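Asks: sharing a model that was predicted from the sequence below.
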Amino acid sequence: MNNQQRDTGYDFIRFLAMLMIMVFHFCTTCIVDLNFKMNNFFIDKVIFHGNIDFGKIGVGLFFMLSGAVLLMTDKGTVGDYYKRRLKRLYYPLWISFILLFFVSSLVSHKLISTDIIGTIVTFFGLDYCGPPWTFWDITPCYVIGEWFTTVIILLSVLFPVLKWMFAKARLISTIIIFLIFALNLKLRIMTGYGGAFSLTYPLMFFWLGMCFQYYKKYLNNKIIICNLILLIVLWFVNPTHFLGFWILPSFVFDVLLFTVLYKINFSNWFTKFICKYNYELYLVHHRIYFLFFSTLLTVQSSSLRFVSVGILSITVFCMVSIFIHYLSNKLQKLTTKLINEK
């Protein structure tokens, strides 16, 4: 996004969403993946806050943000959009994959995946959370990004169609997308982890982000105050279900939070850094956490060692993200030059 197209409200949302995901995966890597004991009030009551945890909040914010920003910035032809968008998605993904595949294999003293088809699936960012690959007995190589890399790619491919639907039949399209979302809450087609991983609720978030971008001029202080009050009530009540579905509390919370955060025009060097390298940080942070924690920590490690390794891992994935961003930009310029010369 160039400077003329930047929106500081969206920048703050991008910053907070990425920060929440990184903090959430810091904790899940320790507690879930490596079984470390981390009994802490902040972790238990804030980061893992029932169904309104940092992970779900960050993911929902990102999907709404993607819909809003793409609608705001896409002004060229469909062909230009696909060339620009796919290069932006795939160059950092491929560089991250090659780098972390070989580093992880080196640390493990063996290839981390021998399933060739599964490795190819992950190379193209289509590993999702298992389905439909498990049906064909294919094991993706989960080395970069998260389950929703696949959904980001699919929504990016669908965006020109969604944009056309938004322009030509906004109300009818909204009803159809909502019905698909609501129906799949029950059917759970192509979902994982009890509905936590899905194709349809990200689509709903994405569409709502497009709607927000179009209607944000009507967002006033009264709406913000009402949404803020509802957010506070939701946070403290912390419902386990809405209408019988456990995913809905975080969904509603995300939509309300997005509108409130948009009005926070805060920016400094840290927020700018996270915003600039957010996609690269997203791709590599979880695997680097796992590599450092599993190699350098045990359940008997002291608090000082734990903090030191945590700081080291964060420093490394920030540096790696800068390198990937730099290299992918060079590749984009090189391929653009070669195409223009032809």
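Replies: In hand now; what should we look at? Model, not experiment: these values are computed from the prediction.

Asks: switch to C-alpha atoms for all contacts and neighbour counts from now on
Replies: Fine.

Asks: ok, now which ones touch the most centrally placed residue in the chain?
Replies: Residue closest to the average C-alpha location in the chain (C-alpha atoms, centre = their mean): V59, at 4.8 Å. By C-alpha atoms under 8 Å, 6 or more residues apart in numbering, the residues touching V59 are A17, I21.

Asks: name the nearest residue to Y142, ignoring sequence neighbours.
Replies: Closest residue in space to Y142, ignoring its immediate chain neighbours: T122 at 6.8 Å, by C-alpha to C-alpha, 6 or more residues apart in numbering.

Asks: list the buried residues in the helix or strand that neighbour falls within.
Replies: Using DSSP states H and E, T122 sits within helix 116-123. By neighbour count on 16 or more other C-alpha atoms under 10 Å, the buried set for helix 116-123 is G118, T119, V121, T122, F123.

Asks: quick check, nearest of those residues to M64?
Replies: Nearest to M64 among these, counting by C-alpha to C-alpha, is T122 at 24.3 Å.

Asks: from G145, how far off is that closest one?
Replies: 10 Å (C-alpha to C-alpha, to the nearest Å).

Asks: repeat that for L203.
Replies: 19 Å.

Asks: now the element after the helix holding T122, going C-ward?
Replies: helix 149-168.

Asks: can you check what angle separates that next one from helix 116-123?
Replies: Angle between the axes of helix 149-168 and helix 116-123 is 50 degrees (criterion: axes from the mean of the first three to the mean of the last three C-alpha atoms, to 10 degrees).

Asks: from the contact counts, what lies against helix 149-168?
Replies: helix 78-108, helix 200-215 (3 or more C-alpha pairs under 8 Å, 6 or more residues apart in numbering; DSSP states H and E).

Asks: and the ones you listed: which comes nearest V299?
Replies: So among the helices and strands packed on helix 149-168, helix 78-108 is nearest, using C-alpha to C-alpha, at 19.7 Å.

Asks: pLDDT averaged over the closest one, what's the number?
Replies: On average, the pLDDT along helix 78-108 is 94.

Asks: got the angle for it vs helix 149-168?
Replies: Using the same axes, to 10 degrees, the inter-axis angle of helix 78-108 relative to helix 149-168 is 170 degrees.
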